[in-house]
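K.L.:
Take this sequence and fold it.
(one chain, ligands or ions: 1)
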Amino acid sequence: MKKIYITTPIYYINAAPHIGHAYTTIAADVLARFYRSQNREIHFLTGTDEHGLKIEEAARALGMEPQNYADQISEKFRELWKHLDIRYDDFIRTTEERHVRCVEDVFSRLLKSGDVYKGFYEGYYCLSCETYWTEKEILPNEKNLKLCPNSECKKPLERVKEESYFFKLSKYQQALIEHYQKNPGFLSPAHRASEIVNFVKSGLQDISVSRAKVKWGIPVPGDSAQTVYVWFDALLNYVSAVLESKTSNPSGEFWPADAHIVGKEIYRFHAVIWPAMLLALGFPLPKKVFAHGWWTVEGQKMSKSKGNFVDPYEATREFGVDSFRYFLLREMPFGQDGDFSIEALRRRYNSDLANDLGNLISRVVEMTDRFLGGKLPTQSDPEKHEYPRRWAEKTPAIQSAMENLNFSEALSIIWSVISSLNQYVNEQAPWKLQKTSPEKVEPVLFNLVWSIRIVMGWLEPFMPQTAAKVQAQLGIRQLPRPVTAEEVLAGKPTASHAILKAPPLFPRKTKP
Ligand SMILES: [Zn+2]
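P.N.:
Sure thing, here's the model as predicted:
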C-alpha cells in the first residue's frame with residue numbers, strides 16, 4: 001500500500017533555524033503522528049537546501065569551505081528537530097549524491113524533451129538574491145537607481161545580458177489551470193487559491209533555471225559554465241528522496257506526495273513552478289500544496305534587520321517543548337497569520353495547560369490514590385461504559401479536522417472534552433461521595449480515567465511527551481503507539497496496573 005507522504009520545504013541554510021522553520025516542521029510532524037496513530041504508514045521528509053551564492057558567501061565570510069559550512073548548519077536543523085520531538089523518516093540534503101544525480105538526470109531529460117532550452121536573459125539581476133527581476137517588479141527610486149524589490153534586500157540591481165537555460169513554464173499554463181479546477185483540494189487553504197489561479201491566468205513566462213555567476217551549485221549537464229538555479233534544484237528534493245532504485249523516477253510506494261506543507265512566501269514556487277516541472281516530467285502531481293501563514297512577533301514582522309526572530313530554544317526553555325507545540329497550533333488557525341509573544345504563550349499555558357488539562361490529571365490521580373489506594377478503577381459491566389464511550393463519538397470530527405490540517409479546530413474539540421471532564425469532577429464531587437455513598441466513587445473514577453485515556457490518544461500528535469507521561473500515570477505503559485478511543489474502551493486493565501502519582505505536569509507560571 002502506498003505510504004502517506006508528507007513534506008516540509010527543505011530549509012535554506014543561510015541562517016540558523018528560527019520559529020518559522022519550527023512552525024512548519026511541527027505542523028508536518030503533528031500530521032504525520034496523527035496518521036501513524038491511525039495505523040497508516042507514513043513517510044515524513046524534511047531536509048536542507050544547501051546550494052547558491054548566499055551559502056558560498058556565508059561560508060567564505062567565516063573562512064570555511066561551503067561544504068563544511070553546509071554540514072555545520074544542516075546539523076543545527078537536525079539538532080533542533082530532535083529537541084522539538086520531530087519524528088521525521090528521512091532528512092535530505094541537496095549536496096547528497098542521490099539528489100545531485102537526480103537533478104542532473106532531470107535537467108538532461110528536460111533538455112532532450114525541449115522543456116528546457118538555452119537562450120539569452122536580458123534584464124535586471126540581484127546578485128545578493130540570485131534573482132532576475134522584470135522592469136515592472138523593480139522599485140521606483142528617485143535617483144533613478146534600479147533597486148531590488150525584495151524588502152529585505154533593496155540593493156542596486158545589475159543590468160545583464162547573459163546566456164541562461166530556460167524552463168518552458170508558459171507551455172503549462174492551460175494544464176495548470178485545468179488541474180486546479182479538477183482538483184479543488186490541491187491549492188490549500190481555499191483562500192489562497194484565487195491568488196495563484198489569477199497569477200497563472202494572467203500569463204506565465206518561461207523562467208531562467210541556470211546561473212552563470214554562481215559556482216556553488218550543481219553544474220548544468222554538458223555545460224560547466226552554468227549551474228542549476230537553486231530553486232529548480234531544491235524543488236526536486238521531494239522526488240530525489242523517494243526514487244525508484246536506479247532511476248530518477250519517484251517510487252509508487254511514496255509518490256505522489258499527499259501534502260507539501262510550505263510557508264505562504266514560497267507558495268508560487270510550489271503551486272505553479274513545481275507542478276509544471278512535474279507535468280513536463282510526466283510524473284503525477286501531489287495531492288495537496290498547503291500554504292500556512294506567518295507569525296509576527298509582538299506585532300512586528302520578523303526580519304534580519306530587526307533581529308527579532310524567535311529562537312525556539314529560548315521559547316521552550318521556560319514552558320517546555322509540548323507547550324510550545326501546543327501554542328503554535330492552537331493560537332492561530334493553520335493557514336492564517338498570527339502574533340507570537342511570550343505573554344500570549346504564558347496565557348495559554350496557564351489557562352489551557354495548567355488550569356484545564358494539568359488540573360484535571362492531578363485531581364483524578366490524587367483522588368484515585370486517596371480513595372482507591374492507587375488501584376486502577378475498574379468497571380467490569382460493559383453496560384456501564386456509557387460515559388467514556390460518548391467521547392469516542394468525537395473522534396470523527398477530530399479526524400476530519402486533522403485531515404484538513406485544521407489543527408486549531410481539532411484542539412478546540414479536545415479542549416471542550418477536557419472542560420466537560422473538569423465539570424464532571426465538580427458535579428460528582430467524589431470527595432463528598434466518599435462520605436455519603438462510597439460505592440459510587442469507583443465508577444466515577446473509572447469514567448474519568450477511561451475518558452482521559454481517550455483524550456491522550458487524540459492529544460499525542462500535538463503533545464507526545466505529555467501523552468506518554470499521562471498514559472504512564474494512568475496505567476497504560478510502553479505502548480508502541482497512541483491508542484484510539486475504541487481500543488481504550490476494549491482494553492482490560494489487569495490488577496497490576498496502578499495509578500502513579502507524579503509532580504504537576506504544568507505548574508503555573510507567573511511573570512518573572
Ligand atoms: Zn536582492
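K.L.:
tell me which parts of the stretch 401-512 of the chain are close to the ion?
P.N.:
Contact residues (Cβ under 5 Å from the ion) of the stretch 401-512 of the chain with the ion: there are none. To be clear about C-beta, it is placed using only N, CA and C from the backbone, and glycine gets the same treatment.
K.L.:
what about the residue of the stretch 401-512 of the chain found nearest the ion, how many neighbours?
P.N.:
Closest residue of the stretch 401-512 of the chain to the ion, Cβ to the ion: residue 405 (32.1 Å). When counting by other Cβ atoms under 10 Å, one arrives at 24 neighbours for residue 405.
K.L.:
Same question for residue 5.
P.N.:
By the measure other Cβ under 10 Å, the count of residues near residue 5 is 27.
K.L.:
go on, residue 443?
P.N.:
Neighbour count for residue 443, taken as other Cβ under 10 Å: 18.
K.L.:
just residue 397 next, same as before
P.N.:
By the measure other Cβ under 10 Å, the count of residues near residue 397 is 12.
K.L.:
Please name the spatially closest residue to it (chain neighbours excluded).
P.N.:
Excluding the flanking residues, the one nearest residue 397 by Cβ to Cβ, 6 or more residues apart in numbering is residue 413, at 5.7 Å.
K.L.:
wait, the residue of the stretch 401-512 of the chain closest to the ion sits on residue 290?
P.N.:
Yes. With contact defined as Cβ atoms under 8 Å, residue 405 counts as touching residue 290 (5.7 Å).
K.L.:
Mutual contacts of these two, please.
P.N.:
By Cβ atoms under 8 Å, 6 or more residues apart in numbering, residue 405 and residue 290 have these common neighbours: 188, 189, 259, 261, 334, 335.
K.L.:
ok, so of those residues, who is nearest the ion?
P.N.:
Once Cβ to the ion is applied, the member of the shared contacts of residue 405 and residue 290 that ends up nearest the ion is residue 261, at 26.4 Å.
K.L.:
Tell me who's in contact with the closest one.
P.N.:
Neighbouring residues of residue 261 by Cβ under 8 Å, 6+ apart: 6, 7, 8, 9, 24, 27, 28, 31, 290, 292, 405.
K.L.:
what does the domain assignment say about this protein?
P.N.:
What automatic domain parsing lists as the domains of the chain is 4-292, 320-331+342-490.
K.L.:
Quick one: those domains as CSV, columns for mean pLDDT too.
P.N.:
As requested, those are exported to CSV (pLDDT from 0 to 100):
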stretch, mean pLDDT
domain 4-292, 94
domain 320-331+342-490, 91
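K.L.:
now the strands for the stretch 301-450 of the chain?
P.N.:
For the stretch 301-450 of the chain, the strands defined by DSSP state E, counting those that start in this stretch cover 338-340.
K.L.:
Now it against the ion: closest residue?
P.N.:
For the stretch 301-450 of the chain, Cβ to the ion, closest residue to the ion: residue 304, 12.4 Å.
K.L.:
okay, that residue: pLDDT?
P.N.:
For residue 304, the pLDDT comes out at 76.
K.L.:
mind listing what the closest residue to it other than its chain neighbours touches?
P.N.:
Excluding the flanking residues, the one nearest residue 304 by Cβ to Cβ, 6+ apart is residue 152, at 6.1 Å. Residue 152 makes contact with 303, 304, 305, according to Cβ under 8 Å, 6+ apart.
K.L.:
would you turn those residues into JSON lines with neighbour count?
P.N.:
Putting the contacts of residue 152 into JSON lines (neighbours: other Cβ atoms under 10 Å) gives the following:
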{"residue": "303", "neighbour count": "12"}
{"residue": "304", "neighbour count": "11"}
{"residue": "305", "neighbour count": "8"}
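K.L.:
Which one of those is nearest to residue 423?
P.N.:
Among these, residue 303 lies closest to residue 423 (Cβ to Cβ), at 45.1 Å.
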